[in-house]
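Participant: Provide a 3D model corresponding to the input given below.
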Amino acid sequence: MVKDLRDAVVIGGGPAGSSFALELAKRGFDVAVFEEHPEVGVPSHCAGHLSIRSLRSLGLYPLPEGIVENTFSAANFYSPMGTKFSVHLAKPVTCAVNRARFDNFLAEEAKTAGADFHVNSRVQSLMLQDGLVRGMRVVKEGEGESQIATKLVVDTEGISSRLLRQSGLRALDGNKLVYAVEAEVDCVHDMEEDSVEVYLGKNYAPGFYGWLIPKRDGSAKVGLATRKGNPKEFLDRLMFKHPVASRRLRNAKVKRMAFHAISLGGPIPKAYAEGFLAVGDCASQVKPTTGGGVIFSVTCARIAAEVAAEALKNADLSENSLRQYQKSFTEAVGFDLGVMLKARQVLDGFSDENIERAVQFASRVGLDEALRDVDEIDFQGRMILSLAKKPAAFATLAYLAALYLSTFS
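Facilitator: Reported below is the predicted structural model:
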């Protein structure tokens, strides 16, 4: 059965999908969101460690009660050989959110604006006509398959990029993926409540890092990502053998565990086609340094909605019309993502010995004091430009460059 023509349909009810739907619905367009799970935000795959400044700039902070689990004004970094580098900031800069509640909050905002949500609704495939996207086939639990005709399909399906490939666009680069595990644990000991912890080194998280994020109730989120091997085995090693993490976690009880891939390759080269836009993880709009994608996904979703609204108003959903989306989000986040992509290349080239040297150098030159007033952690290209004016930060950047170049000598 072919249902009535929609202005736009969104695949996926995460932050990108709900943010696009909210902005388009506010402009008076008919938009529907199709989420394959029974509930938006469930299951959660993300630690939900977000920048307060970025949330505030998006008009999302302060968040409703019950979403924020903790706020942080400090971070402890542990080198591969156990050296500790601590940063104590002048004020809380990040927060941990309950991702299920956060995602549900965004979805409710979109519903209030007029967006139509369908859960238990899996998009099986795109409907193509002469190679162009014209709608999609959806299977809803208990109802069978429907064909949804639409002027615009917005793909926010996440990392799988299964439907992205059907649109004819280039899929994510599998060589740029890391594989993450995220666990919620009880019975954590000796944690600084206002501090996150980061664990570096190939023995525990080859190609990425591990993290420990405390909640105010004494529980925590612990996780890591790796380029190779089984992330669960690396997590066990982190929790029970790491000299610092094991003190916190050896008696911890795992309440929930989830696995997911993260794209660190920077945005795909083309995120639009006729009648089609890709937003969020499926377009690799993710920080290559930390793997965080929520803020950039929401930012790009709002840009996509602005471009879509203009295209719908002009009845022009051609590639030529929708290419403005790529141009606009590149102007908004491209510089920072480019800097982070280079930083990821540098980090990937470091041995554990060089990471150790870098951490020790940063401690000696007083980088912690230079970082004290930092409150920008998402737009890291701009952050680095600002920090480079401080002698300790400039010296550390120069030292990192020298270490990186030494790997080729």
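Participant: hey, where'd the helices end up in this structure?
Facilitator: Shown for the chain, the helices assigned by DSSP state H span residues 15-26, 52-57, 99-113, 162-166, 231-241, 245-249, 294-313, 319-348, 352-365, 367-370, 380-387, 391-406.
Participant: Mean neighbour count, these: which tops it?
Facilitator: Among the helices of the chain, ranked by average contacts under mean count of other Cβ atoms under 10 Å, first place goes to helix 15-26 (a mean of 28). To be clear about C-beta, it is placed using only N, CA and C from the backbone, and glycine gets the same treatment.
Participant: helices or strands up against that one?
Facilitator: strand 2-11, strand 31-34, helix 99-113, helix 294-313 (3 or more Cβ pairs under 8 Å, 6 or more residues apart in numbering; DSSP states H and E).
Participant: which outside residues touch that helix?
Facilitator: For helix 15-26, contacts defined as Cβ atoms under 8 Å, 6 or more residues apart in numbering pick out 7-8, 10-11, 31-33, 35, 40, 102-103, 106-107, 109-110, 113-115, 117, 154, 156, 279-281, 294, 297-298, 300-302, 304-306, 308-309.
Participant: Tell me, domain by domain, which residues of this protein belong where.
Facilitator: 1-341, 344-406 (automatic domain parsing).
Participant: As TSV, the ones you listed with mean pLDDT would be great.
Facilitator: What follows is those, written out as TSV (pLDDT from 0 to 100):
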stretch	mean pLDDT
domain 1-341	96
domain 344-406	95
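Participant: Please name the residues that touch the closest residue in space to Gly28 that isn't next to it in sequence.
Facilitator: Nearest residue to Gly28, sequence neighbours excluded (Cβ to Cβ, 6 or more residues apart in numbering): Gly114, at 7.9 Å. By Cβ under 8 Å, 6+ apart, Gly114 lies in contact with 25-26, 28, 31.
Participant: Which of those sits closest to Glu274?
Facilitator: Closest approach between the contacts of Gly114 and Glu274, by Cβ to Cβ: Val31, at 18.5 Å.
Participant: isn't that closest one right next to Asp7, touching?
Facilitator: Yes - assessed by Cβ atoms under 8 Å, Val31 is found in contact with Asp7 at 6.1 Å.
Participant: So if I had to pick from the two, which one is more boxed in?
Facilitator: With neighbours defined as other Cβ atoms under 10 Å, Val31 and Asp7 compare such that Val31 has more, 30 against 19.
Participant: re the thing from before, quick one, which of the helices and strands packed on helix 15-26 is nearest to Asn354?
Facilitator: Counting by Cβ to Cβ, Asn354 lies closest to helix 294-313 out of those; the figure is 28.5 Å.
Participant: for that closest one, packing partners?
Facilitator: The contact analysis (3+ Cβ pairs under 8 Å, 6+ apart) places helix 294-313 against strand 2-11, helix 15-26, strand 49-51, strand 144-155, strand 276-278, helix 319-348.
Participant: Tabulate these (CSV), appending distance to Phe77.
Facilitator: Shown next, in CSV, are the helices and strands packed on helix 294-313 (distance: least, Cβ to Cβ, whole Å):
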stretch, distance to Phe77
strand 2-11, 38
helix 15-26, 27
strand 49-51, 14
strand 144-155, 36
strand 276-278, 34
helix 319-348, 13
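Participant: Which among those is found nearest to Gly210?
Facilitator: Once the helices and strands packed on helix 294-313 are compared by Cβ to Cβ, strand 49-51 is nearest, at 13.0 Å.
Participant: rewinding a little: can you redo the helices of the chain as TSV with distance to Val196?
Facilitator: Shown next, in TSV, are the helices of the chain (distance: least, Cβ to Cβ, whole Å):
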stretch	distance to Val196
helix 15-26	21
helix 52-57	13
helix 99-113	16
helix 162-166	32
helix 231-241	15
helix 245-249	12
helix 294-313	16
helix 319-348	18
helix 352-365	16
helix 367-370	15
helix 380-387	17
helix 391-406	20
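Participant: Gln124 is nearest to which of these?
Facilitator: Nearest of the helices of the chain to Gln124, taken as Cβ to Cβ: helix 162-166 at 9.3 Å.
Participant: Check what contacts the closest one and list those residues.
Facilitator: 11, 123, 125-126, 128, 136, 155, 157, 171-172, 268, 278, 282-283.
Participant: Then stretch 329-341?
Facilitator: If you take Cβ under 8 Å, 6+ apart as the criterion, stretch 329-341 is touched by 265-267, 271, 285, 287-289, 296, 299-300, 303-304, 378-382, 384.
Participant: ok, now with 10 Å
Facilitator: Residues outside stretch 329-341 that contact it (Cβ atoms under 10 Å, 6 or more residues apart in numbering): 176, 264-267, 271, 279, 283-290, 295-296, 299-304, 307, 326-328, 376, 378-385.
Participant: Now do Ile148 against Leu169, distance only.
Facilitator: Distance from Ile148 to Leu169, counting by Cβ to Cβ, to the nearest Å: 20 Å.
Participant: between these two, which one's more packed in?
Facilitator: Counted by other Cβ under 10 Å, Ile148 and Leu169 do not tie: Ile148 has more neighbours, with 23 against 20.
Participant: where does Gly201 fall, phi/psi-wise?
Facilitator: With angles defined as degrees, to the nearest 10, Gly201 sits at phi 130, psi 150.
Participant: which residues touch the residue nearest to it when sequence neighbours are not counted?
Facilitator: In space, Gly201 comes closest to Pro80 once its chain neighbours are excluded; the distance is 3.1 Å by Cβ to Cβ, 6+ apart. Residues in contact with Pro80 (Cβ under 10 Å, 6+ apart) are 199-205, 350-356, 359.
Participant: closest to Cys46 among the residues you listed?
Facilitator: Cys46 lies nearest to Ala205 out of these, by Cβ to Cβ, at 16.5 Å.
Participant: about what we covered before: what touches both of Val31 and Asp7?
Facilitator: The overlap between the contact sets of Val31 and Asp7 (Cβ under 10 Å, 6+ apart) consists of 24-25, 150, 152, 308, 312.
Participant: what's the most distant pair in these?
Facilitator: For those, the farthest-apart pair by Cβ to Cβ is Ala25 and Thr150; their separation is 14.4 Å.
Participant: Tabulate the helices and strands packed on helix 15-26 (CSV), appending distance to Lys389.
Facilitator: Shown next, in CSV, are the helices and strands packed on helix 15-26 (distance: least, Cβ to Cβ, whole Å):
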stretch, distance to Lys389
strand 2-11, 42
strand 31-34, 44
helix 99-113, 35
helix 294-313, 24
